[in-house]
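*Asks:* Next comes the sequence, and after it the predicted model I'd like to discuss.
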Amino acid sequence: MNKLFLVCMFFTVSLLARHDAYPTKECPAFNNMKHSKNTHAVHLNTTQKYTILKYHKGQALILIKGEQPAQRWVDDECFSKSGNGSNPMNVKEVESGVVSIEDELSKASVNVDLTKDTKKYEYNNPKLSQHNLLALSWHNAFCETHRYRKECKRSLLPFGKGKYREKHFVLHGLWPQPKSKIYCNVDKSLVAADKHKQWRDLPCLAMDEETEDRLEKVMPGYASDLHKHEWIKHGTCYGTEADRYFRDAISLTEQINDSKVGDFFTKNIGKHVTLKQVRHLFDRSFGIGAGKRVEMKCKKGLITELWLHLGSGSDDLSVLLKRGKPIRSRCQKGLIDRAGF
């Protein structure tokens with residue numbers, strides 16, 4: 001029984017490990033899992049080794065040096081699981097022809113990609129941003145002054161993503177602090193394109209399909225390529241890859257919407273509320289003192305955003321608010337806007 005468990009563990013860990021391999025086919029390498037775009041029409045070269053970062057849902061995320069974006073998705077059948085000049089499963093056969101499971105488990109554990117789910121990597125990583133600002137928008141108010149943006153076109157259907165953004169906070173961005181911490185190791189041409197709001201021309205991001213679907217729901221600006229701008233300007237300074245950065249931001253947004261704060265805003269649409277009320281709700285939802293880390297933004301009498309000043313070291317918003325810096329807020333009162341103009 002123990003030996004069977006070790007065998008299962010070995011193959012599970014191995015599938016997550018980084019390794020280099022030669023492709024067996026000249027497959028196209030796509031920017032995302034949906035295979036909707038292939039910048040520069042990149043195809044694999046069967047004489048060249050590629051770093052396989054992970055396997056997911058029948059696909060492989062690989063690294064193609066010199067390309068933009070460098071992380072690409074290909075069908076996992078493009079690489080042989082049995083060799084072809086490499087050893088994808090990281091299995092070493094002993095002279096007797098029997099695999100030493102114990103040895104291989106210890107080696108594989110060193111090579112596991114820790115960028116996905118291992119909390120030790122996420123929160124003890126010295127490169128991870130120590131102070132961040134989570135900017136959440138009240139979408140109805142945003143659209144009052146941005147009526148012609150794609151994300152402000154109201155759906156004819158009374159349900160789905162359109163309905164969600166009309167009654168919940170949506171993600172604007174997660175910004176490493178101080179505010180001068182932007183465009184980390186970003187090419188000057190991309191910085192220029194971003195500053196000129198040429199977001200459509202920015203590189204597509206390597207994210208899991210699940211992450212993209214969740215992001216499209218909580219960030220309506222996805223329709224205008226806001227996510228590309230947020231990554232280039234702020235995410236590159238966060239200390240993780242794009243998928244991890246956006247999953248963290250999505251989780252924090254959902255924690256607000258699932259709290260007493262989110263419920264309060266939904267139930268008081270069309271009414272005026274005060275900063276004092278909002279901060280009190282944060283204290284009730286996330287612990288005493290959490291409200292002092294919240295800044296309310298208003299424009300023309302409408303509440304447009306909430307800015308949360310966060311610390312680091314956890315995925316729990318209560319902990320992050322406790323570790324954040326207290327902040328003053330100029331806006332003391334505002335209207336929770338309804339959908340429509």
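*Replies:* Here it is on my side, so go on. Residues are numbered from 1 along each chain as shown.

*Asks:* Low-confidence regions, the stretch 151-300 of the chain specifically.
*Replies:* Scanning the stretch 151-300 of the chain for pLDDT under 70 picks out 154-162.

*Asks:* Contacts for stretch 188-207, please.
*Replies:* Where contact means Cβ atoms under 8 Å, 6 or more residues apart in numbering, the residues beyond stretch 188-207 that reach it are 31-33, 37, 39, 61, 68-69, 71-73, 183, 215, 224-229, 231-233, 241-243, 246. Placement of C-beta: from N, CA and C, glycine included.

*Asks:* Just the CA atoms of that stretch, as CSV, please.
*Replies:* Provided in CSV are the C-alpha atoms of stretch 188-207 (Å, rounded to 0.1, in the frame of the first residue of the first chain):
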residue,chain,number,x,y,z
LYS,A,188,10.8,51.1,-23.1
SER,A,189,8.7,50.5,-26.2
LEU,A,190,6.0,48.7,-24.1
VAL,A,191,6.1,51.5,-21.5
ALA,A,192,5.5,54.0,-24.3
ALA,A,193,2.7,52.0,-25.8
ASP,A,194,1.1,51.7,-22.4
LYS,A,195,1.3,55.4,-21.6
HIS,A,196,-0.3,56.2,-25.0
LYS,A,197,-3.1,53.9,-24.0
GLN,A,198,-2.3,51.5,-26.9
TRP,A,199,-3.3,48.6,-24.6
ARG,A,200,-4.6,46.5,-27.4
ASP,A,201,-1.1,46.2,-28.8
LEU,A,202,0.5,45.1,-25.5
PRO,A,203,1.5,41.4,-25.3
CYS,A,204,-1.1,38.8,-24.4
LEU,A,205,-0.6,37.3,-20.9
ALA,A,206,0.0,33.7,-20.1
MET,A,207,-2.8,32.8,-17.8
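
*Asks:* quick one: the helices in the stretch 51-200 of the chain?
*Replies:* Along the stretch 51-200 of the chain, counting by DSSP state H, counting those that start in this stretch, helices occupy 101-111, 119-124, 139-144, 161-165, 188-195.

*Asks:* re the thing from before, what's the PyMOL line that selects buried ones from the contacts of stretch 188-207?
*Replies:* For the buried members of these, the matching PyMOL selection, counting by 16 or more other Cβ atoms under 10 Å, is:
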select buried, resi 31+32+33+61+69+71+72+73+183+215+224+225+226+227+228+229+231+232+233+241+242+243+246
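
*Asks:* Of the contacts of stretch 188-207, which belong to helices?
*Replies:* Taking DSSP state H, the ones among the contacts of stretch 188-207 that sit in helices are 215, 226, 227, 228, 229, 231, 232, 233, 242, 243, 246.

*Asks:* I'd like those as TSV, with distance to residue 338 appended.
*Replies:* Shown next, in TSV, are those (distance: Cβ to Cβ, whole Å):
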residue	distance to residue 338
215	25
226	23
227	26
228	30
229	28
231	32
232	33
233	31
242	34
243	35
246	29
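
*Asks:* Using the record's assignment, carve this protein into domains.
*Replies:* For the chain, the structural domains run 2-116, 123-335, going by automatic domain parsing.
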